[in-house]
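**Student:** here are the coordinates; sequence isn't available:
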């Protein structure tokens, strides 16, 4: 048995994603690694967070003694009231998403295909799924970035040639950031952009379910 | 003589909800729920209900089921749930048990489609073309059409008999204000129901609320009861 090689921690994946967010842009973060992204916005940059719970310009989470049940984020966590916040109903919340007003969404995934299909709402063996607002984000946000572990619990690939799980959106993912690599789905296939320090292309390929296109300007993971 | 909108108790406000009703329940992640009205509905015993709601509370374990809706389901009152997040699969929820036993129908609807179907229902729109479901299983059986800005799928309006909403402040004419993220589904559900019942933190006389600040005008709110 080969000793398990070290992969990048979730915080580093989040830090890499944070680099992609446009200064002054409106961003919707999903649950899991995506939530961590807000901790790593580069100094001097400003990002405005959209939450489908009905809050724009979300700030930090509230301290335990300052929790207000009428001030929650998409994951049901309590928010601090900050200057510049705006509240809206679910109708406007999804008009913002579907109408292309949200610049970037960062989502987790069960699977992403080489052409950017996203599957993140249902594991068929577990019965009904939970679609929430993921499908609207996949279809409506201007850019969809996936942040996830490179493989599942059994070390099976989550980046695949074609999704076997029911999909959330077709060809919607523009960038995949994992604990091993940064990849870009294109019509020609999956382009490997960056590799985690200490990992070779061959090692990453072994844990990836789709053929990687290796460009001449392949780089080490850039933070 | 004008029939007032004020009801003395949640029981009185829901007393006429018959078997077979479709009921909208506003709220997000377990907050902003008209719990008094839901408890009164359970007590009333109406059955064959269809309930439309977003989700239940979140925890470290993930998504939960909404306890007050779970109770209606496990008491055998509900035939169908429509929701983007009805319960957490594998959580051992009563909703999951009833669904697996074939006693309950569950329709999963993506959140942005559900809200737009309710809006269409409340606004008298015949149907809406949305791009959301393209290429997914939610497209099946629906008409797809190509528009100048791209392809879209026809979604039909959704209306309900009752909406149970929580409001922060309401005047006796039904003009309502929400606080923060407590607004969520309430305004669109109030529009989409034949009878909307508001459970209010504070009830005031007409004139006490700034008309510029009203989110749900009283025409959408039929009954008012104080939250306890």
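**Tutor:** That came through, no problem. Values in this document were obtained by computation on a predicted structure and should not be read as measured data.

**Student:** Quickly note the distance from the nearest residue to residue A:103 once chain neighbours are set aside to chain B.
**Tutor:** Closest residue in space to residue A:103, ignoring its immediate chain neighbours: residue A:25 at 3.8 Å, by Cβ to Cβ, 6 or more residues apart in numbering or on different chains. All C-beta spots, glycine's among them, are computed from the backbone N, C-alpha and C. If you measure residue A:25 against chain B using Cβ to the nearest Cβ, to the nearest Å, the figure is 20 Å.

**Student:** What count of nearby residues applies to residue A:25?
**Tutor:** The burial metric for residue A:25, expressed as a neighbour count using other Cβ atoms under 10 Å in any protein chain shown, is 16.

**Student:** same thing with residue B:206?
**Tutor:** 12.

**Student:** List phi and psi for it.
**Tutor:** Taking degrees, to the nearest 10, you get phi -50, psi 140 for the backbone angles of residue B:206.

**Student:** in the sheet, who's paired with the closest residue to it other than its chain neighbours?
**Tutor:** Nearest non-adjacent residue to residue B:206, counting by Cβ to Cβ, 6+ apart: residue B:171, 4.9 Å away. On the basis of DSSP bridges, residue B:171 is bridged to residue B:204.

**Student:** Next, the contact list for residue B:171, please.
**Tutor:** Listed by Cβ atoms under 8 Å, 6 or more residues apart in numbering or on different chains, the contact set of residue B:171 reads B:203, B:204, B:205, B:206, B:207, B:208, B:209, B:218.

**Student:** now do residue B:159
**Tutor:** Contacts of residue B:159 were listed using Cβ under 8 Å, 6+ apart, and they are B:22, B:121, B:122, B:192, B:193, B:194.

**Student:** Between which two of those is the distance greatest?
**Tutor:** Spatial extent of the contacts of residue B:159 (Cβ to Cβ) is set by the pair B:22 and B:122 at 13.4 Å.

**Student:** ok, these two, which is more surrounded?
**Tutor:** residue B:122 (24 against 19).

**Student:** I'd say the more buried one and residue B:191 touch.
**Tutor:** Yes. At 2.9 Å, residue B:122 and residue B:191 qualify as touching, with contact defined as Cβ atoms under 8 Å.

**Student:** can you give me the helices in the chain?
**Tutor:** Let's take chain A. Per DSSP state H, chain A has helices spanning A:10-18, A:33-36, A:90-98, A:134-140, A:201-206. These are given in chain order.

**Student:** The intended chain is chain B.
**Tutor:** B:10-14, B:35-44, B:67-74, B:94-100, B:111-123, B:186-192.

**Student:** I'd like these written out as JSON lines, with distance to residue B:199 added.
**Tutor:** Written out in JSON lines, the entries for these read as follows (distance: least, Cβ to Cβ, whole Å):
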{"stretch": "helix B:10-14", "distance to residue B:199": "7"}
{"stretch": "helix B:35-44", "distance to residue B:199": "5"}
{"stretch": "helix B:67-74", "distance to residue B:199": "12"}
{"stretch": "helix B:94-100", "distance to residue B:199": "23"}
{"stretch": "helix B:111-123", "distance to residue B:199": "19"}
{"stretch": "helix B:186-192", "distance to residue B:199": "10"}
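
**Student:** Burial-wise, tell me which of those comes out on top.
**Tutor:** Neighbour counts (mean count of other Cβ atoms under 10 Å in any protein chain shown) averaged over each of those peak at helix B:186-192, with a mean of 27.

**Student:** contacting residues around that helix?
**Tutor:** A:89-91, B:24-26, B:32, B:115, B:118-119, B:121-123, B:158-160, B:163, B:165-167, B:176, B:178, B:196, B:198, B:215-216, B:220-221.

**Student:** chain center to it: distance?
**Tutor:** Helix B:186-192 has its C-alpha centroid displaced from the chain centroid by 8 Å (Cα atoms, centre = their mean, to the nearest Å).

**Student:** Residue B:65 contacts residue B:88, doesn't it?
**Tutor:** Yes. Under the criterion of Cβ under 8 Å, residue B:65 is in contact with residue B:88, at a separation of 6.9 Å.

**Student:** okay, these two: which has more neighbours?
**Tutor:** Each of residue B:65 and residue B:88 had its neighbours counted (other Cβ under 10 Å), and the higher figure belongs to residue B:65 (25 against 21).

**Student:** Per-residue pLDDT of that one, please?
**Tutor:** According to the model's per-residue confidence, residue B:65 sits at a pLDDT of 79.

**Student:** Now it: closest residue in space, sequence neighbours ignored.
**Tutor:** Ranked by Cβ to Cβ, 6+ apart and with sequence neighbours excluded, the top spatial neighbour of residue B:65 is residue B:87, at 3.8 Å.

**Student:** And the helix or strand bottoming out on mean pLDDT in chain A, what does it pack against?
**Tutor:** Taking mean pLDDT, DSSP states H and E as the measure, helix A:33-36 is the helix or strand of chain A with the lowest mean score, a mean of 92. Using 3 or more Cβ pairs under 8 Å, 6 or more residues apart in numbering or on different chains; DSSP states H and E as the contact criterion, the neighbours of helix A:33-36 among helices and strands are helix A:10-18.
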